[in-house]
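Asks: What follows is a predicted protein model with its sequence.
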Amino acid sequence: MKKQHIWRVWIAAGTVLAVSTVGSLMAYFTDTQEKVNHFTVGKIQIALQEPEWEKKADQDKNNIPDEAEHMIPLQTITKDPKVQNTGINDAYIFLTVEIPCRELITVNADGMKNPPGMTPLYSYEQDASWKHLGSCKALDEKGKQTGVKHLYAYAEASGKCRIVKPKETTLPLFHSVTFANVLEGQGLEEQEFTIDIQAYGIQTANLNGGTSDAMEIWQILSNQKEIPEHYQK
């Protein structure tokens, strides 16, 4: 059983404007002075990183760490998504994590079977530096559920976003993932599954009257990027 590491970075920049103005001051009959005011354009740029995952051995060069190939039930592997602010302006950071799901029979620790149900193939423990804002179903083109997608803000428990300054990096959202305790023979063998992680950054200044509320800021970002998902607690 395989798990492939695939991630994409979406950068959502809020409105950062620069203006150049030229003003003239003239003394009649004697001289002319010109004063030029210079302004620079800000930049929101982020980098999604997984340093512990990325340094794992991959002897067959298939972009899947050897440790993540042929996973077995309850196997845990290090995976540590974090986001660095590589721009020049302060940023608020959000992550979405899509976990594949299948209709499966799982097994309890005592070996007893559970009834079939929609089961996430991987689980993880969220770091306290992030706040879970909601979840939604991931559907294929036919409307069939293929996963569950979670939204997180780099924020305090109260929902107040943490400012990530240029060159700073967030703490990891989680540090490892564990494969579900599924019963064998359900068609998972030799398949590849992905955990899709997307990172978003937005400026901290001039957002809806200076708000730092994670849900309000996500709504601004979501509207600007026309993100279709609607996350619910």
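Replies: Here it is on my side, so go on. Numbering: from 1, shown residues only.
Asks: What segments of this protein are helices?
Replies: For the chain, helices defined by DSSP state H occupy the ranges 51-54, 214-225.
Asks: by contact count, what packs against the longest one?
Replies: The one in question is helix 214-225. strand 91-104, strand 131-139, strand 145-153, strand 192-203 (3 or more CB pairs under 8 Å, 6 or more residues apart in numbering; DSSP states H and E). (Each C-beta comes from the backbone N, C-alpha and C, glycine too.)
Asks: Looking at the ones you listed, which is nearest to residue 212?
Replies: The closest of these to residue 212 is strand 91-104. By CB to CB, the value is 7.7 Å.
Asks: Distance to residue 162 and mean pLDDT for the helices and strands packed on helix 214-225 - can I get that in CSV?
Replies: Below are the helices and strands packed on helix 214-225 laid out as CSV (distance: least, CB to CB, whole Å; pLDDT from 0 to 100):
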stretch, distance to residue 162, mean pLDDT
strand 91-104, 8, 96
strand 131-139, 9, 98
strand 145-153, 8, 97
strand 192-203, 12, 92
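Asks: Quick one, which of those gets closest to residue 72.
Replies: Short answer: strand 192-203, nearest of the helices and strands packed on helix 214-225 by CB to CB, at 13.8 Å.
Asks: buried set for the closest one?
Replies: By neighbour count on 16 or more other CB atoms under 10 Å, the buried set for strand 192-203 is 193, 195, 196, 197, 198, 199, 200, 201, 202, 203.
Asks: now swap in stretch 142-158 and tell me
Replies: 147, 148, 149, 150, 151, 152, 153, 154, 155.
Asks: Please name the residues that touch the fifth one.
Replies: This points to residue 151. Residues in contact with residue 151 (CB atoms under 8 Å, 6 or more residues apart in numbering) are 94, 95, 96, 132, 133, 134, 135, 218, 229, 231.
Asks: Mind listing the residues bridging to the third one?
Replies: Partner residues in beta bridges with residue 96: residue 151, residue 198, with DSSP bridges as the criterion.
Asks: The residue nearest the centre of the chain and residue 171: what is the separation?
Replies: Most central in the chain under CA atoms, centre = their mean is residue 95, positioned 2.1 Å from the mean C-alpha point. To residue 171, residue 95 is 12 Å away according to CB to CB, to the nearest Å.
Asks: which residues do the two both contact?
Replies: Overlap of the contact sets of residue 95 and residue 171 (by CB under 8 Å, 6+ apart) consists of residue 130.
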